[in-house]
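[1] take this sequence and fold it.
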Amino acid sequence: MKLLSLALVAALPCATAAQQVEGTPPVPVFDKAEYMVPMRDGVKLHTNVFVPRGFAANLPIIMARTPYGIEGAERTFNRSYSELAREGYIFVHQDIRGKFKSEGQFVMLRPMRDKRDTKTIDESTDAYDTIEWLLKNVPRNNGRVGMMGTSYPGWLTVVAMLDPHPALKAVSPQASPADMYLGDDFHHNGAFRLSYGFEYATMMESGKEVKAFVFDDSDTYAWYLKLGSLARVNEQHLRGEIPTWNDFVKHPNYDAFWQKQAAAPSIKSVTVPTLSVAGWWDQEDFYGPVTIYRMLEKYDTKKLNYLVVGPWNHGGWGGASGKKLGNIDFGSNTAVDYRRSILAPWFAYWLKGIGTLTLPEATVFEAGSNTWEKRDSWPPRTGVTQKRLYFRADRKLSFDAPTDRSPTTAVDSFPSDPANPVPYRQRPIRPTYGSGSTWSRWLTDDQRFLKDRPDVLSWQTEPLTDDVTIAGDIAAHLRASTTGSDADWIVKLIDVYPESNPGDSTLAGHQLMVANEVLRGRFRKSFVTPVAITPNKIEEFVVDLHTQDYKFKKGHRIMVQVQSSWFPLIDRNPQTFVPNIYEAKESDFKAQMHRVYRALGAASYVQVSVVNAGSR
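    As a prediction, this is how the structure comes out:
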């Protein structure tokens, strides 16, 4: 959920005069004013206002609110905001409550207020009060306001549009979390995102500014493993001083605390035009923007709800070109194309009344073919067929169903030892935001670094004789058992490049994750009420791999991997059922044997939406 563009832009070069990219109009010079804007409860929020020179007409306001610090944010006018800056907007940046120069108390993802109590405040009232003040106090505004932001600022944008000021006419929440327990930063399907949750909470709640936790080991895999049970975190390091960590410990299940933070209960209408933006390889918040789009879609009677998904990591559409991520080349400057052809026209239409809105409801990038696809919905309602990729004998993967009827023989087994968990990226694993970290691109890493581990199982197709394109939802259905009473199930859908790859030899044999996810076994029936797994009993575990638009090209293979640890991205499951894993004893952590079944009556498979031939 951390996006550094506003917090660290002071390190970027900045011109005092307009800069110009060849073939484009110059970026204007801005006059800056600094204010402490009063909220309804008397708290004042630090706010910077930038008014461009050279525009005679009154201009709309585009506002971004952030917990990451706004000083130096004007450098973005020559980067991620350049396409908008050239067209003429008043930009407003604001530190939210309790962060940097703003007054008040910071509360992580402050829950929506009870509207029956007129004296309560939340992030939506702060956005409302800020807009009201701006309209009255910033000269030359045209009375229309837009909001945008990525990650936490994206969530602040969502909150503002759920209870909007009448002048809020367009929003673009980008990589916004939607539910911190089901699929975003802190948990995925009930499994705790250890390294991210620990490092983000300590960074955000160790003072008014952001302060990274200092590790005494260059490999955080080793540091977290040495830490042992999470029961030691407060005892050895945090001393109960990080509120969000304390909340993790108090709320191990999907209780009212997490449900109240989620966006779903508050979404009951679509009154503000909304452009949600996501990246297929977003390492922090992919679930959120797609989920927000889907929830809004239920109420979108006025056709105000739109979605863009590109081949990006977290925030990869801002600033960078978007041509490459890790070693994967997408063939064009996808981020520049999006900012120029989608984002800028979007705000021009809603805030200035310029142009016509020709944007399809869903604009998604299809990696593999490296083309933008226009859809009238997401996932697609037509032109696709649901198919199953079955696990077969000899580690084969096939669209053909298995024929073996005996679960006793049609089974693959693997050990899972909490003392030796599977690393989620190649070691040494640097701190999430530390020097040398590969966090921003790890989802495109070559998965062959795990090829010799006995606790990672793989099934793959023969080389494809034709292209196979998937577009829509993906779900793994595992028939599995364990000798323990709890287990995590991690599933990856992978594109295996040919060993001979003439176009780019660096990708020869590369194993690219197309989709991936984890399910904590105790939550297979309910995220609210965990249930122990009966040892050695075959059960179905459904792992939602979310959604994708991807072309597996002729000559490539499709692979599925299954494992039961992903460390320290995900905390270690003791594999012994305990009421609260944060309070587990060292003796609870036990090695177990897991089995994945592939018989006709107990088949394991990944369900995908395959694009019909000739449907495009």
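[2] how near is the most centrally placed residue in the chain to A320?
    Most central in the chain under CA atoms, centre = their mean is D285, positioned 1.3 Å from the mean C-alpha point. The gap separating D285 from A320 is 17 Å, by CB to CB, to the nearest Å. (C-beta placed from N, C-alpha, C; glycine too.)
[3] direction included, what does the host helix or strand of V606 pair up with?
    Using DSSP states H and E, V606 maps to strand 605-611. Strands that pair with strand 605-611, judged by DSSP bridges, come out as strand 384-392 (antiparallel), strand 468-482 (antiparallel).
[4] ok, the residue nearest to the centre of the chain - contacts?
    Contacts for D285 were tallied using CB atoms under 8 Å, 6 or more residues apart in numbering; they are 1, 151, 154, 175-177, 184-185, 278, 314.
[5] skipping adjacent residues, who's closest to it in space?
    A175 (4.4 Å; CB to CB, 6 or more residues apart in numbering).
[6] and for P153?
    Residue nearest to P153 in three dimensions, not counting chain neighbours: T66, with 4.6 Å by CB to CB, 6+ apart.
[7] check contacts around that neighbour.
    With contact set as CB under 8 Å, 6+ apart, T66 has these partners: 6-7, 93-96, 99, 149, 152-153, 156.
[8] any chance you could map the strands in the stretch 51-200 of the chain?
    For the stretch 51-200 of the chain, the strands defined by DSSP state E, counting those that start in this stretch occupy 59-66, 90-95, 141-150, 168-174, 187-188, 191-192.
[9] can I get the ones you listed in CSV with distance to F414?
    Conversion of those to CSV gives the following (distance: least, CB to CB, whole Å):
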stretch, distance to F414
strand 59-66, 44
strand 90-95, 49
strand 141-150, 38
strand 168-174, 38
strand 187-188, 21
strand 191-192, 18
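[10] among these, which is nearest P360?
    Among these, strand 168-174 comes nearest to P360, with 16.0 Å by CB to CB.
[11] the closest one pairs with which strands?
    Strand 168-174 is paired, per DSSP bridges, with strand 141-150 (parallel), strand 274-279 (parallel).
[12] after the last one, heading C-terminal, what element do we hit next?
    Read that as strand 274-279. Using DSSP H and E, the first helix or strand after strand 274-279 is helix 287-297.
[13] list the helices and strands that next one packs on?
    With contacts defined as 3 or more CB pairs under 8 Å, 6 or more residues apart in numbering; DSSP states H and E, the packing partners of helix 287-297 are helix 152-162, strand 168-174, strand 274-279, strand 305-310, strand 539-552.
[14] Q236: which of these is closest?
    Closest to Q236 of the helices and strands packed on helix 287-297, according to CB to CB: helix 152-162, at 28.0 Å.
[15] from the chain's centroid, how far away is the closest one?
    Centroid displacement of helix 152-162 relative to its chain, using CA atoms, centre = their mean, to the nearest Å, is 15 Å.
[16] in PDB, list the C-alpha atoms belonging to it.
    Taking Å, rounded to 0.1, in the frame of the first residue of the first chain, the C-alpha atoms of helix 152-162 are listed here in PDB:
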ATOM      1  CA  TYR A 152      -3.500   4.500   0.300                       C
ATOM      2  CA  PRO A 153      -4.300   7.700  -1.600                       C
ATOM      3  CA  GLY A 154      -6.400   5.600  -3.800                       C
ATOM      4  CA  TRP A 155      -8.300   4.300  -0.800                       C
ATOM      5  CA  LEU A 156      -8.700   7.900   0.400                       C
ATOM      6  CA  THR A 157     -10.200   8.700  -3.100                       C
ATOM      7  CA  VAL A 158     -12.700   5.800  -2.700                       C
ATOM      8  CA  VAL A 159     -13.800   7.000   0.700                       C
ATOM      9  CA  ALA A 160     -14.300  10.500  -0.600                       C
ATOM     10  CA  MET A 161     -16.600   9.400  -3.400                       C
ATOM     11  CA  LEU A 162     -18.700   7.100  -1.200                       C
END
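[17] any idea of the angle it forms with strand 59-66?
    Calculated by axes from the mean of the first three to the mean of the last three CA atoms, to 10 degrees, helix 152-162 forms an angle of 120 degrees with strand 59-66.
[18] elements contacting helix 152-162?
    Using 3+ CB pairs under 8 Å, 6+ apart, helix 152-162 sits against strand 59-66, helix 123-137, strand 141-150, strand 168-174, helix 287-297.
[19] now the ones you listed in TSV, with distance to D446?
    TSV is the format used below for the helices and strands packed on helix 152-162 (distance: least, CB to CB, whole Å):
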stretch	distance to D446
strand 59-66	34
helix 123-137	40
strand 141-150	27
strand 168-174	28
helix 287-297	24
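[20] list the buried residues in stretch 112-120.
    112-113 (16 or more other CB atoms under 10 Å).
[21] mind checking the helices and strands packed on helix 152-162 for the one nearest to G197?
    Nearest to G197 among the helices and strands packed on helix 152-162 is helix 287-297 (15.1 Å), distances taken as CB to CB.
[22] tilt between the closest one and strand 274-279?
    Using the same axes, to 10 degrees: helix 287-297 against strand 274-279 is 150 degrees.
[23] reformat the strands of the stretch 51-200 of the chain as TSV; add distance to E199 and mean pLDDT.
    As requested, the strands of the stretch 51-200 of the chain are exported to TSV (distance: least, CB to CB, whole Å; pLDDT from 0 to 100):
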stretch	distance to E199	mean pLDDT
strand 59-66	19	98
strand 90-95	22	98
strand 141-150	19	98
strand 168-174	22	98
strand 187-188	15	98
strand 191-192	13	98
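[24] out of those strands, flag the one nearest Q575.
    Of all those, it is strand 191-192 that lies closest to Q575, at 13.0 Å by CB to CB.
[25] residue ranges of the strands in the stretch 451-600 of the chain, please?
    Going by DSSP E, counting those that start in this stretch, the stretch 451-600 of the chain shows strands at 456-460, 468-482, 488-496, 511-520, 539-552, 557-563, 592-597.
[26] returning to what we had before: so of the strands paired with strand 605-611, which one's packed in deepest?
    Across the strands paired with strand 605-611, averaging neighbours per residue (mean count of other CB atoms under 10 Å) puts strand 468-482 on top, at a mean of 22.
[27] what about it, distance to the chain center?
    20 Å.
[28] restricting to C-alpha, output that strand in CSV.
    Provided in CSV are the C-alpha atoms of strand 468-482 (Å, rounded to 0.1, in the frame of the first residue of the first chain):
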residue,chain,number,x,y,z
VAL,A,468,-4.4,-20.3,-25.6
THR,A,469,-5.9,-17.0,-24.4
ILE,A,470,-7.6,-16.7,-21.0
ALA,A,471,-9.8,-13.7,-20.1
GLY,A,472,-11.7,-13.6,-16.9
ASP,A,473,-11.7,-15.3,-13.5
ILE,A,474,-9.4,-18.1,-12.4
ALA,A,475,-9.9,-20.5,-9.6
ALA,A,476,-8.0,-23.5,-8.3
HIS,A,477,-10.0,-26.4,-7.0
LEU,A,478,-7.6,-28.6,-4.9
ARG,A,479,-8.7,-32.0,-3.6
ALA,A,480,-6.2,-32.4,-0.9
SER,A,481,-5.4,-33.7,2.5
THR,A,482,-2.8,-33.2,5.2
